[in-house]
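Asker: Could you look at this predicted model? Sequence included:
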Amino acid sequence: GTVFVSGATGFIALHIINNLLQQGYKVIGSARSQEKVDHLLELFNNNPSLSLEIVPNIDNPEAFDDVFKKYGNEIKVVLHAASPIPRPSTDYEKEYLIPAVEGVKSILNAVKKYAANSVERVILTSSAAAAQNSTDVVSEESWNDATWKGCQTDSWNAYAGSKTFAERAAWEFMEENKNVIKFTLTTVNPVYTLGPQAFSDKKFASTSAYIEQIISSTEDNITPKIAFWFVDVRDVAKAHILAFQNDNLVGKRLLLAADTFSYQDVLNIANEDFKELNGKIPIGEPEKADALTKENKGLLDNHKTKELLGFEFIGLRQCVDDSIKQILEVKH
Ligand code: NDP
């Protein structure tokens, strides 16, 4: 069967495409420009099972029409991973909310219009941010209670709002169209996603930059000081694929989270496992690592997702070790 992946250039999407090709699927990906298409074809050595299409911006209702007009009757599975990720911006509506929501609506409508007889499963890359609020434990049932206006305070809140409204739009579409469509929806809601990039690159896309930034910090300016939950990007990719292969996952929100972590854990592992980095990277306050993550343990509960997926998530040590190996490789 053929799988369509939007946002093929992304940190997570590249791992997904790699896995799909390894498992023998034919893949059609979308990227924003010819330059990006060419770069991807080169990365995948012009693999004949991979085709790429240009979808310039997902901020309009017809964004995906052409792709689905062209390939509608061969696509069996749609993975929608494209969505704006946090970057410096203040036009929150234009930069985050509209593309995130329109992207979801336009891809679902394009499937309905042009691929209704062939597409069986749609998998949306949502986020744990769509499940986070100030009172509930984050779980498969919890929802971010952000409002359209209220979330436009800073990049992070606008991003979290964009993921929330986009996921809501998807479930609403499914409800409104339940009598006229046969495809099903599953959402994948990862927490902060760490781990190596699918292809070694000096540029660190999205949250793959985090470990590099932490070990490039100075002792008196360790940044960003994040302490929450993480999941390894390789598990995020794996879950996207199981999401459409496993019938038990239809209609579910899969909350992907391996464990709590903090910048201090990353520094501790880096200093313990890479002696060549000792003295070159900060030490921080090694004994504070436990305290930083302890209180976060109770903030999230994804035992249902773990049971449904049935595989063991990669732990922080392996995630950090593999990431640092790749960082050292591209820096030399
Ligand atoms: P990347 O920035 O690496 O990937 C984002 C992808 O979306 C890129 O292909 C990007 O294209 C595309 N994109 C962004 N804005 C637009 C737009 N306006 N029009 C068209 N395409 C657009 O980030 P990730 O791989 O981390 O993110 C992939 C998905 O995973 C997103 O939906 C994100 O919200 C979600 N996610 C990520 C988490 C994380 O910690 N990384 C955690 C939870 C969810 P281009 O390369 O051209 O910019």
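Answerer: Nice, I can see it. In this text the structure is predicted, and so the values were computed from the model without any measurement.
Asker: residue boundaries of the helices in the stretch 201-332 of the chain?
Answerer: Along the stretch 201-332 of the chain, the stretches classed as helices by DSSP state H, counting those that start in this stretch are 209-215, 233-245, 263-273, 289-294, 303-309, 316-331.
Asker: Within the helices and strands, which one has Val37?
Answerer: Taking DSSP states H and E as the definition, one finds Val37 inside helix 34-43.
Asker: Show me what that helix is packed against.
Answerer: strand 26-31, strand 50-54 (3 or more Cβ pairs under 8 Å, 6 or more residues apart in numbering; DSSP states H and E). Using the backbone N, CA and C atoms, a C-beta is placed for each residue, glycine as well.
Asker: Now render the ones you listed as JSON lines, adding mean neighbour count and mean pLDDT.
Answerer: As requested, the helices and strands packed on helix 34-43 are exported to JSON lines (neighbours: other Cβ atoms under 10 Å; pLDDT from 0 to 100):
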{"stretch": "strand 26-31", "mean neighbour count": "24", "mean pLDDT": "98"}
{"stretch": "strand 50-54", "mean neighbour count": "18", "mean pLDDT": "98"}
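Asker: Out of those, which is closest to the ligand?
Answerer: Nearest to the ligand among the helices and strands packed on helix 34-43 is strand 26-31 (6.3 Å), distances taken as Cβ to the nearest ligand atom.
Asker: Run the chain-centre distance for the helix holding Val37.
Answerer: How far helix 34-43 lies from its chain's middle: 20 Å, per Cα atoms, centre = their mean, to the nearest Å.
Asker: Other residues contacting it?
Answerer: Residues from elsewhere that reach helix 34-43, judged by Cβ atoms under 8 Å, 6 or more residues apart in numbering: 8-9, 14, 29, 31, 50, 52-54, 199.
Asker: mind redoing it with 6 Å?
Answerer: Residues outside helix 34-43 that contact it (Cβ atoms under 6 Å, 6 or more residues apart in numbering) are 8-9, 31, 52, 199.
Asker: avg pLDDT for that helix?
Answerer: If you average the pLDDT over helix 34-43, you get 98.
Asker: ok, now stretch 143-157?
Answerer: Stretch 143-157 shows a mean pLDDT of 96 in the predicted model.
Asker: Enumerate the positions of it that are buried.
Answerer: By neighbour count on 16 or more other Cβ atoms under 10 Å, the buried set for stretch 143-157 is 143-144, 146, 151-152, 155, 157.
Asker: Equivalent analysis for stretch 222-229, please.
Answerer: 222, 226-229.
Asker: Any residues of the stretch 101-250 of the chain in contact with the ligand? List them.
Answerer: Counting by Cβ under 6 Å from any ligand atom, the stretch 101-250 of the chain comes close to the ligand at 125, 127, 163, 190, 192-193, 205-207.
Asker: how about these, which pair is most distant?
Answerer: Lys163 and Ala205 (17.7 Å; Cβ to Cβ).
Asker: Looking at those two, which is more packed in?
Answerer: Lys163 (30 against 17; other Cβ atoms under 10 Å).
Asker: Now the more buried one: closest residue in space, sequence neighbours ignored.
Answerer: Ser127 (4.1 Å; Cβ to Cβ, 6 or more residues apart in numbering).
Asker: Next, work out how far apart the one you found and Asp322 are.
Answerer: With distances taken as Cβ to Cβ, to the nearest Å, Ser127 is found 23 Å from Asp322.
Asker: And the two? Which one has more around it.
Answerer: Higher neighbour count among Ser127 and Asp322: Ser127, with 27 against 18, using other Cβ under 10 Å.
Asker: Just the local confidence number for the more buried one, please.
Answerer: Value for Ser127, per-residue pLDDT: 98.
Asker: Could you do Thr90 as well?
Answerer: For Thr90, the predicted pLDDT is 86.
Asker: now His332
Answerer: pLDDT, His332: 68.
Asker: same thing with Gln264?
Answerer: Taking Gln264 on its own, its pLDDT is 98.
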